[in-house]
Structure formats: C-alpha cells, structure tokens
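Undergrad: Pasting a predicted model and its sequence here:
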Protein chains: 2
Amino acid sequence: MEFGPDDQIDYDGPVTPYKQLAAILKARILRGDWLPNRPIPSEARLVQEYGLARTTVRRAIQVLVDEGILFVMPQRGTFVSPPSTPAQG
Amino acid sequence: MEFGPDDQIDYDGPVTPYKQLAAILKARILRGDWLPNRPIPSEARLVQEYGLARTTVRRAIQVLVDEGILFVMPQRGTFVSPPSTPAQG
DNA sequence: ATTAATTTGTTCGTATGTATC
DNA sequence: TGATACATACGAACAAATTAA
C-alpha cells in the first residue's frame, strides 16, 4: 500500500499537506469532478472544505498550474485546463 | 529482568550514548509508542528528553534510518517506517 | 453609478522541522 | 555548541479586479 489521494488531509503524515491536496485535486479532476474550462472551487471554498490555510491551498494549486492541469484567471477563478490539443489531429 | 534499553542514558557505560539512544528508540517503536507513518518526537524534543547533544540524537536516528526502521522527510520530520510487507504472509 | 460581495494577488509575522556550517 | 538557512504551515491583513445587487 502506498500514499494515495484520499479525501482527507493527514497533517502528521510524511507528505506535506499541500502535496496531499494537489494529489486530491488532481484525482478529482481526472475523475471528472470538474470539467475542462470550468472553474474549480474558490480558494476560500477549498480552505473550508479541507481545513487548510489559504497559503497551503494556493501552493497546491500552483503545483497543478505548473503541471498544466489548471490555469488561473485573476479575479475570476482557477480553471481546469482543456485537454492538450497538439497538432489538432 | 535483563539488560535492555531503559529510558535513561548511561554516560559511563561501555556503550556509546548514540547507540544507547538508538536502542531505546527502537524499543519504543517496537513497543508501539509511535506508529508507522507517524512522526517520532523532533530532534529538539529528543535532545530535551534525553539530555543529549543534537548531533548525538541525529546519529542515533541515522542508525535506525540505516536499519530501515525510520525514514526522514526533510523539513517535515522523522517517521516510523511502515512494516515491510513481503509476500503479505 | 454605487455598493457590496467575491476571487485572486501579495506581504508580513509566527511557529515548527530538518539541513548545514 | 551555536547560528543560519531552507521548507512548510497557519493566520491576518490589504490590494485589485470582477461580479452581482
């Protein structure tokens, strides 16, 4: 068994909370909880939902932004990136 | 009663303090004081608790890390390794 | 047009760990 | 032994743009 993205944060675990949240959000996206070009819950909402500080939530989001999974529209929200369309095959 | 890892360090004994501490920590882990994937007390805490220098504490921890009993997550803490599950007998 | 609420952006301070010198 | 660096987390506050009423 290994560390997987549950729905709860393990504060005392070896994996930092922001990495846990990043994994959780990624899993939820892949699961289809939020669709491409659709916003994920606001930072404030995620703070509530997972009981984390906003800085921690933002760090998790930044991870997924760096991975190209999310993109941010300032003052509008954070959205699920559309599937890569290389060459428009 | 036999010779075993007590809770106190014998500075005048034949066994070096860091080896004594390693034995103590190992005993406490096997006893279940700290569970798998859970952090053991911080280095600073162990320094206080056993009255040892930090270098000594770290040396003791390194022994158990080498034995696979502990693993360190930088900037996070030192954790008890999960039980090896070979073949899941 | 005003106002208020929402949402991301930014910064500061405090605390806790290990890492390093 | 002591000091500093680095990574992480929480809390709070404020700015700026957007949106809704």
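TA: Structure received.
Undergrad: At the contact with chain B, which residues of chain A appear?
TA: Selection of chain A residues close to chain B by CB under 8 Å from any CB of the partner chain yields A:1, A:12-16. For glycine as for every other residue, the C-beta is placed from the backbone atoms N, C-alpha and C.
Undergrad: how about the residue most central in space within chain A, secondary structure?
TA: The centre of chain A sits closest to A:Leu25, judged by CA atoms, centre = their mean, with a distance of 3.6 Å. Look at A:Leu25: counting by DSSP: H, G, I helix; E, B strand; the rest coil, its state is helix.
Undergrad: With A:Leu52 instead?
TA: For A:Leu52, the secondary structure call by three-state DSSP comes out as coil.
Undergrad: roughly how far apart are the residue nearest to the centre of chain A and A:Arg58?
TA: Distance of A:Leu25 to A:Arg58, computed by CB to CB, to the nearest Å: 12 Å.
Undergrad: Ok, A:Gln48 next?
TA: 14 Å.
Undergrad: who's more crowded, these two?
TA: A:Arg58 (18 against 12; other CB atoms under 10 Å in any protein chain shown).
Undergrad: What's the separation between the residue of chain A found nearest chain B and DNA strand C?
TA: Evaluated by CB to the nearest CB, chain A has A:Pro14 as its residue closest to chain B, separated by 4.6 Å. Distance of A:Pro14 to DNA strand C, given as CB to the nearest atom of the strand, to the nearest Å: 11 Å.
Undergrad: can you check A:Ala44 too?
TA: A:Ala44 is 5 Å from DNA strand C, by CB to the nearest atom of the strand.
Undergrad: How about the contacts made by A:Pro82?
TA: Applying CB atoms under 8 Å, 6 or more residues apart in numbering or on different chains, we find A:Pro82 in contact with A:36-37.
Undergrad: same question, A:Tyr50
TA: By CB under 8 Å, 6+ apart, A:Tyr50 lies in contact with A:9, A:21, A:24, A:57.
Undergrad: So the first one, which state does it fall into?
TA: Per three-state DSSP, the local secondary structure of A:Ile9 is coil.
Undergrad: Also the second one?
TA: Under three-state DSSP, A:Leu21 falls in the helix class.
Undergrad: Surely it is in contact with A:Thr56?
TA: Yes - counting by CB atoms under 8 Å, A:Leu21 sits close enough to A:Thr56 to count as a contact (7.0 Å).
Undergrad: Which other helices and strands does the host helix or strand of A:Thr56 contact?
TA: Element membership of A:Thr56, judged by DSSP states H and E, is helix A:54-66. Judged by 3 or more CB pairs under 8 Å, 6 or more residues apart in numbering or on different chains; DSSP states H and E, helix A:54-66 is in contact with helix A:17-31, helix A:43-50, strand A:70-73.
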